[in-house]
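[1] next one to model:
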Amino acid sequence: MIAIGLDLSTSCFGWSIWDDDKLMDYGKLKPLVGNLEWRERVEDMIVQLHDIMKKYKPVEAYVEDVPLFASKGKNILVQLGFVQGSLDGLCVSHKVHMNFVAVGTWRKNIGISTGEKDRDSKKIASLEKANELFGLNLNIAHTRTGKYCSERSDDDISDSILVYASTRDKYKSGKYFGR
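    Take a look at the predicted model:
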């Protein structure tokens, strides 16, 4: 079964393609045109995602679910709802079944602590776990002062990989014993 793992925002889409338990391909999509309003950015990336779905023909999509609340306010929930609605339309047009995975669920399943760590620590843990499990070299970028830099890192890719992997028994915490 071909599946796609997704981590979506209004500025970047992380994606991963799977053949059952085997990671086949991955990447991230950013708007092709600069200075777009957030809705236009999402539309631009949905068109790019359409091309990926045409190429790989997934039958299942696993996507990080929109939380029930956002620490940054209601506008974030509206924007993420728009992203999910746009994805829903794309999946329907490609006959792809969508599965939503709560952020706390996939992190727990994959063995990333969900304790009182800050967002940056969770992103770094995601990158390290994806690199470890799949022998990758996803970028973990820092500023000159040593602070984590999400804009230059590949955490959107690692999250898309781990969202899907967290649903597979092979990769659930405690189940992974090497390749």
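[2] what's the distance between residue 47 and residue 105?
    According to C-beta to C-beta, to the nearest Å, residue 47 stands 30 Å off from residue 105. Where you see a C-beta, it was placed from the backbone N, CA and C, and this is true even at glycine.
[3] between those two, which is the more surrounded one?
    Taking other C-beta atoms under 10 Å, residue 47 and residue 105 do not tie; residue 105 has more neighbours (16 against 12).
[4] contacting residues around the more buried one?
    The contact partners of residue 105, taken as C-beta atoms under 8 Å, 6 or more residues apart in numbering, are residue 166.
[5] for the closest residue to residue 79 other than its chain neighbours, helix, strand, or coil?
    Computed as C-beta to C-beta, 6 or more residues apart in numbering, the closest residue to residue 79 that is not its neighbour in sequence is residue 10, at 5.1 Å. Using DSSP: H, G, I helix; E, B strand; the rest coil, the structure places residue 10 in coil.
[6] wait, residue 10 sits on residue 83?
    Yes: contact criterion C-beta atoms under 8 Å: residue 10 and residue 83 qualify, at 6.3 Å.
[7] which of these two has more neighbours?
    The neighbour comparison of residue 10 against residue 83 (other C-beta under 10 Å) goes to residue 83, with 23 against 19.
[8] let me know the pLDDT of residue 151.
    On pLDDT, residue 151 comes in at 83.
[9] and the gap between it and residue 122?
    Distance of residue 151 to residue 122, given as C-beta to C-beta: 16 Å.
[10] between these two, who's got more neighbours?
    Taking other C-beta under 10 Å, residue 151 and residue 122 do not tie; residue 122 has more neighbours (18 against 9).
[11] element containing that one, please.
    helix 119-134 (DSSP states H and E).
[12] name the helices or strands packed onto that helix?
    With contacts taken as 3 or more C-beta pairs under 8 Å, 6 or more residues apart in numbering; DSSP states H and E, helix 119-134 sits against helix 103-110, helix 155-165.
[13] for the nearest residue to residue 66 once chain neighbours are set aside, pull up the helix or strand it's in.
    Excluding the flanking residues, the one nearest residue 66 by C-beta to C-beta, 6+ apart is residue 80, at 4.4 Å. Take DSSP H and E as the rule and residue 80 turns out to sit in helix 74-93.
[14] what does residue 18 show for phi and psi?
    According to degrees, to the nearest 10, the main-chain angles of residue 18 amount to phi -130, psi 140.
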